[in-house]
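In: Build me a model:
(chains A and B)
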Amino acid sequence: MQSAIPLGANRLRGGFTLLHLVGIAVAALVLLPIIYLGIRTFTADTSAVDLIFRQRTAEILLRSILLVGLVTTGSVLIAVPMAWLTLRTNLPFRNLWTIAAVLPLVIPSFIGAFVAVIALSPRGMLRDLLDTLFGVERLPDIFGLPGATLVLTLLTFPYVFIPVRASLRRMDPALEEMSRNLGHGSLATFRYVTLPLLKPAISAGAVLTALYTLSDFGAVSLLRYETFTWAIFVQYDTAFDRSIAAALSLVLVAVALGILAVDIASRGQGRYHRSTVGAVRPVRQIELGGWRWPALAFVSVVTALSLMAPLGIVTFWVIRGVVRGEEVGLDWTAFSNSLQAGGLAALFTTLAAVPVAILAVRHRGLLSLAIERATYLGFGLPGIAVALALVFFGINVITPIYQTRALLILAYIILFLPAAIGAIRASLMQVNPRIEEAARGLGKNPWQVAWRVTLPLVMPGVLAGAATVFLLTMKELPATLILGPIGFQTLATDIWGFTEEAFFAKAAVPALVLIISAGVPTAFLLFRDAQLSSTDTSDSTTE
Amino acid sequence: MASTNDLDPMSPLLEMSDVCVTYSGASNPTLDGMNLTVRQGEFLAILGQSGSGKTTALRAIAGFERIERGQLAIGGKVVADAHTHVKPENRRVGMVFQDYALFPHLSVMDNVAFGVRDSGSNGKANISQALEMVGLSGYEHRYPHELSGGQQQRVALARSLAPDPVILLLDEPFSNLDRQLRGTLRRDVREIVQSHGTTAVLVTHDREEALGMADRVAIMDSGRVLQIGQPVDLYTNANSSQVAQLIAPSNTVRGRIAGPYVDTEAGRFRYRSPTGALGNGVFVDAVLRAHDLELGPWEGGGAVRTVSYREYQGEFTEYGIELPSQRRIYVRRRSIAPLEIGSRVVITAPFDRPVLVYPEQL
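Out: Now for the predicted structure:
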């Protein structure tokens, strides 16, 4: 839809309405805390410049970049072959592998890390098994960079898989046929035609993966790899002077915005319009022949590690705990806190998202664009940085709500607003403004049109956006740890806390509950989106 | 940059015999025992309705579809049969797709250079020559989305001709262009292909395009070639009612031979039978060409035929005539002395243009 003709672009360009005022308020909500953090840090007693340009900052930066680089590369290397195999070849059980390649997204990184620790650590399940079977007494250390890379790569490759598969599916097969026709073999065709055409999708996915990895707190903290997020948390948690944490947060935000900027700059060259019109012919599948066994082995190993292992091991520990009569009951307070926080975040985020989405689609102009871009920032802002900014903002400016759930909800709104706007925006763009004009022509005023025509049509998008925010909130960890009122526990903080203290059996129950209660609906939403982005109906009507 | 083939002119360059292709999941074969011979240097058109298998035939020649039966030979060498499948990249067959399939990430220059193996001065000369031939010199550094539909079409043609293919395949190349541009490009493409000396096969559902551009036309239906011949020959001697209907706008009605006449619901006409003499009383399919009929005033008595539709088209006017069975047939007539809707008419065939009849198909 990016290249679509802006529907209704001619209407109300530049006009200032009440809607713009609401939009500005929402944008301010998103931007103010971070700006405040910046100002405070640079005007503090300790010189911010000194804090930022320390050797330790450089080390943390290097470690973070190394992890981001490895995870992003690994995700691309897993996702691109996986997308190609499940779409273009006669690999057996293709649909099954497709679902399996999307589902790891529902597993929070702290659960992935929890599983890695109990399975692979020097005293973990795999060692026990190998010890019994072969007398192996020591395994290589899972903590640090190897573990963090493994866990994050296996959980984030779907971010690349989904756009690459959609792009491969939309690609006109005639282009590849043309290359063959002009005398190039299948390998050369993949390299010179398919891969360049997939580049936008790969880089979109890579940016998501990079941002996710950079913001991740759960995996790096449990696997003891000191990147920005963990360093910030330790500083915040232990040091009296919070200015170091603030300075680190600012560097982290700068790196995240840098990744976003690279993404936006590289998208500028609009050479990837589909130059073709007309129906897309179904592609003839490539016969794998003898390659089907290595291909099957590849997808099986990926699925086993990224999906089956987490689910299996968590379930195993729950059962083991029950059998051994350990105390494995569910902490109902944490469960209800999770649901409540998710519900409130979903409600308020959606309310903030609707005006921005309407501005972006129906009232295009410089101001609308600026408002939309500003809210989009939350997408790149790491949760821990937003949380820290809100701590400062809360202590000094909005004191009454500091240490209340309201501040926590505000953090969720800032972080998840882009997800809600995206869903509402997408469904609003499907509504042809001619339909609204037809309703006006039939004698309805704008409010009646909005209520009786537009709203029913975009309702699926609004609900999907709200559901997405609910689920993201359930999985959120660092902001919840920092901003939650004292004694406030959710499923996520429970799992993290128990794993940190090595109460694995206690962590297994909330982990399973979280995977089921957040994972099943997430999976449903993901497939809904995957369906939307892989059909060609929107392309053919707007291009 | 003439074609490098050392085969005799008029010798078969492409031979398809009994070729069958079935798409997975389809119950009927898309190509069902197709036979076709294309001669060295000729411009051949395959005319058929959508679903007739004509595009599949091109895809089989180019090597995008495997054939499960029969044989396909190019330049005397078998490139496909039930066991052989020469890969598309090794066939030296040029293809111009319906939607051009220009590489969106490459410039015009790089698109045209894509299939040229020789990266030296000869190759470069080929590329600039191809661009010049299609009149797009100076557009080398543009990208496909910066070109108009007609220009994209020309780039696609230059790209396919630059590697100097043995045979050029054109898959409905004009269907995405507006009517006016179509006419111009049709002429240009014909001339470019001719000056290049390449053998070409054009697939189309547009009868004007096929009859106007091709040396020979193959009529295709249900995965087979029904008839092949020069356009004039096909027009006058269509050997079945399907071919006759495809080659000119016409109405097929049931009729019965009565001496030198055929009696139909639309009237009594003089007839000609391209497939041989027919005895009295034989039931036939009579093909009434819309251009070849005349309308006269009703003189009373017999069946009633009424003008029920009229579409003014400028020089000609198309009339819909309702027959006694309430079926409607169409007649095209010069626009002078227009007939009113509701007027009763007699349909006749002029002496020099008898209707075509074919033994009734059951």
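In: Taking chain B, what residue is nearest to chain A?
Out: Residue nearest to chain A within chain B (CB to the nearest CB): B:Gly115, separated by 2.9 Å. From N, CA and C alone the C-beta is placed, and that goes for glycine too.
In: That residue against B:Pro163, yeah?
Out: Yes - contact criterion CB atoms under 8 Å: B:Gly115 and B:Pro163 qualify, at 4.0 Å.
In: center of the chain, which residue is that?
Out: Using chain A. A:Tyr212 (5.9 Å; CA atoms, centre = their mean).
In: think we crossed wires, I meant chain B
Out: Closest-to-mean residue, chain B, CA atoms, centre = their mean: B:Leu47 / 2.5 Å.
In: circling back to that earlier point, doesn't the residue nearest to the centre of chain A fall inside a helix?
Out: Yes - secondary structure of A:Tyr212 (DSSP: H, G, I helix; E, B strand; the rest coil): part of a helix.
In: who's in contact with the closest residue to it other than its chain neighbours?
Out: Leaving out its chain neighbours, the residue that sits closest to A:Tyr212 by CB to CB, 6 or more residues apart in numbering or on different chains is A:Thr156, at 5.3 Å. Taking CB atoms under 8 Å, 6 or more residues apart in numbering or on different chains, we find A:Thr156 in contact with A:Val71, A:Ser75, A:Leu208, A:Thr209, A:Tyr212, A:Thr213.
In: got the contact list for the third one?
Out: Residues in contact with A:Leu208 (CB under 8 Å, 6+ apart) are A:Thr156, A:Tyr159, A:Val160.
In: in what helix or strand does the first one lie?
Out: When you say that, I think you mean A:Thr156. helix A:145-170 (DSSP states H and E).
In: Send me the helix or strand following that helix as CSV with only the CA atoms.
Out: Tracing the chain C-terminally past helix A:145-170 and defining elements by DSSP H and E, one meets helix A:173-181 next. Below are the C-alpha coordinates for helix A:173-181, written out as CSV (Å, rounded to 0.1, in the frame of the first residue of the first chain):
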residue,chain,number,x,y,z
PRO,A,173,7.0,-14.8,-11.8
ALA,A,174,7.4,-13.5,-15.4
LEU,A,175,10.5,-11.6,-14.2
GLU,A,176,12.3,-14.7,-13.2
GLU,A,177,11.1,-16.5,-16.3
MET,A,178,12.4,-13.6,-18.4
SER,A,179,15.8,-14.0,-16.9
ARG,A,180,15.8,-17.7,-17.7
ASN,A,181,14.6,-16.8,-21.2
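In: Would you state the helices of the stretch 151-300 of chain B in chain order?
Out: B:179-196, B:207-213, B:231-236, B:241-247 (DSSP state H, counting those that start in this stretch).
In: okay, those, which one's buried deepest?
Out: With neighbours defined as mean count of other CB atoms under 10 Å in any protein chain shown, the helices of the stretch 151-300 of chain B peak in mean count at helix B:241-247, which reaches a mean of 23.
In: Give me the contact list for it.
Out: With contacts defined as CB under 8 Å, 6+ apart, helix B:241-247 is touched by B:47-49, B:207, B:211, B:219, B:221, B:226-227, B:234-235, B:238, B:250, B:252, B:285, B:287, B:289, B:356, B:358, B:361.
In: likewise stretch A:439-457?
Out: The set of residues external to stretch A:439-457 that reach it, using CB under 8 Å, 6+ apart, is A:Ser427, A:Leu428, A:Gln430, A:Val431, A:Ile435, A:Glu436.
In: What residues sit buried inside it?
Out: A:Ala439, A:Lys444, A:Val449, A:Val453, A:Thr454 (16 or more other CB atoms under 10 Å in any protein chain shown).
In: Now name the helix or strand holding the first one.
Out: In other words, A:Ala439. Using DSSP H and E, A:Ala439 sits in helix A:433-441.
In: what about the residue nearest to A:Tyr212, distance to A:Leu491?
Out: Separation of A:Thr156 from A:Leu491 (CB to CB, to the nearest Å): 21 Å.
In: on that earlier part again, make CSV out of the helices of the stretch 151-300 of chain B and add distance to A:Leu62 and mean pLDDT.
Out: Compiled in CSV, the helices of the stretch 151-300 of chain B are given as follows (distance: least, CB to CB, whole Å; pLDDT from 0 to 100):
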stretch, distance to A:Leu62, mean pLDDT
helix B:179-196, 59, 88
helix B:207-213, 65, 92
helix B:231-236, 75, 93
helix B:241-247, 72, 92
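In: wait, which of those is closest to A:Ala341?
Out: Among these, helix B:179-196 comes nearest to A:Ala341, with 61.3 Å by CB to CB.
In: touching chain A at all, the closest one?
Out: No - Helix B:179-196 lies out of reach of chain A by CB under 8 Å from any CB of the partner chain, never closer than 14.4 Å.
In: what helices or strands is that helix leaning on?
Out: strand B:43-47, helix B:121-133, helix B:149-161, helix B:207-213 (3 or more CB pairs under 8 Å, 6 or more residues apart in numbering or on different chains; DSSP states H and E).
In: okay if I get the ones you listed as JSON lines plus distance to chain A?
Out: Formatted as JSON lines, the helices and strands packed on helix B:179-196 follow (distance: least, CB to the nearest CB, whole Å):
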{"stretch": "strand B:43-47", "distance to chain A": "18"}
{"stretch": "helix B:121-133", "distance to chain A": "12"}
{"stretch": "helix B:149-161", "distance to chain A": "7"}
{"stretch": "helix B:207-213", "distance to chain A": "17"}
